[in-house]
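# Here is a sequence with its predicted model. Questions after.
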Amino acid sequence: MSDHPVLVHVHDPMCSWCWGFRPAFERLLNLLPPSIHLRQLLGGLAPDTNEPMPEAMRRYLQDTWRRIQQRIPGTEFNFDFWTRCQPRRSTWPACRAVIAARSLDPAAEEPMIRAIQNAYYLEARNPADADTLIALAGEIGLSREHFAARLNAATTQQTLEAEIAEARQLGADSFPSLILQLPDGGCWRIPVEYTDPEAMHAAIVELATDRY
């Protein structure tokens, strides 16, 4: 148990709501006091598959992108993805990529998340493909060879499965999720506000101040 409050962010880099949440999340992190530490867990939205995404799922996800643009003004999506790429309902490769990057350099975790999101949502590149992920690793300054070796290593998959299990144990049944863990062992779900980081900040600080 940490001696400090820990804000657990459960996410998936290929979760479109997590992409929409990014601006508010970044503002929230800038508001939080240093005494509240951040921990990120991969939620593993969709397991590995080589099957093309069914047409119904393709339509559903494109409709989701449009709903996010209505709900969170300013969110950008490049719909060329759906014609340039061969979509698969598989986010575990991208999750493993974040773990692999983190294992090579802890400071590379956040740049890898950003690189995957930018590639998927803005550049119409497919992070379900290993070639894309290896290229992104090189673009953020990691060794492509070392990254490729770790991307599908058994230990990387084991870490992903452990993080998925922990997220479920914490009650994170949707992405993104925020859970505040306190030194006394208490866990509190923080309502995700896609356009109001101040409300999340106030809820976190109130809980941490009352019990820490």
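All right, it came through fine.

# Now the lowest-mean-pLDDT helix or strand in the chain: buried residues?
In the chain, no helix or strand scores lower on mean pLDDT, DSSP states H and E than helix 197-211, which sits at a mean of 91. Across helix 197-211, burial judged by 16 or more other CB atoms under 10 Å covers 197, 200-201, 203-205, 207-208. Quick note: C-beta positions are derived from backbone N, CA and C, even for glycine.

# three-state assignment of the closest residue to Leu122 other than its chain neighbours?
Closest residue to Leu122 apart from its sequence neighbours, by CB to CB, 6 or more residues apart in numbering: Asn78 at 5.3 Å. With DSSP: H, G, I helix; E, B strand; the rest coil as the basis, Asn78 sits in coil.

# residue contacts, Asn78?
Residues in contact with Asn78 (CB atoms under 8 Å, 6 or more residues apart in numbering) are 121-124.

# Might you report the residue contacts of Cys95?
Contact analysis of Cys95 by CB under 8 Å, 6+ apart lists 12-13, 42-44, 160.

# so which of those residues would you say is closest to Ala94?
Minimum distance to Ala94 across those is 4.7 Å, recorded for Pro13 (CB to CB).

# That closest one: what's it in contact with?
Contacts of Pro13 by CB under 8 Å, 6+ apart are 91, 94-95, 97-98, 112-113, 116-117, 120, 127.

# Turn the residues you listed into CSV, columns for pLDDT and secondary structure.
Converted to CSV, the contacts of Pro13 look like this (pLDDT from 0 to 100; DSSP: H, G, I helix; E, B strand; the rest coil):
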residue, pLDDT, secondary structure
Thr91, 98, coil
Ala94, 98, helix
Cys95, 98, helix
Ala97, 98, helix
Val98, 98, helix
Met112, 98, helix
Ile113, 98, helix
Ile116, 98, helix
Gln117, 98, helix
Tyr120, 98, helix
Pro127, 98, coil
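
# Just the buried residues out of those residues, in PyMOL syntax.
In PyMOL, this line selects whichever of the contacts of Pro13 come out buried by 16+ other CB under 10 Å:
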select buried, resi 91+94+95+97+98+112+113+116+117+120+127
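
# Quick check: the farthest pair among the contacts of Pro13?
The most widely separated members of the contacts of Pro13 are Thr91 and Met112, with 13.9 Å between them, by CB to CB.

# mind showing which ranges of this structure have poor pLDDT?
Within the chain, the stretches with pLDDT under 70 are 1, 210-212.

# residue ranges for the strands of the protein, please.
Ranges of strands in the chain, per DSSP state E, are 6-11, 37-42, 177-181, 187-190.

# Just put the ones you listed in TSV and tack on mean neighbour count and distance to Asp63.
Shown next, in TSV, are the strands of the chain (neighbours: other CB atoms under 10 Å; distance: least, CB to CB, whole Å):
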stretch	mean neighbour count	distance to Asp63
strand 6-11	22	21
strand 37-42	18	25
strand 177-181	20	23
strand 187-190	15	27
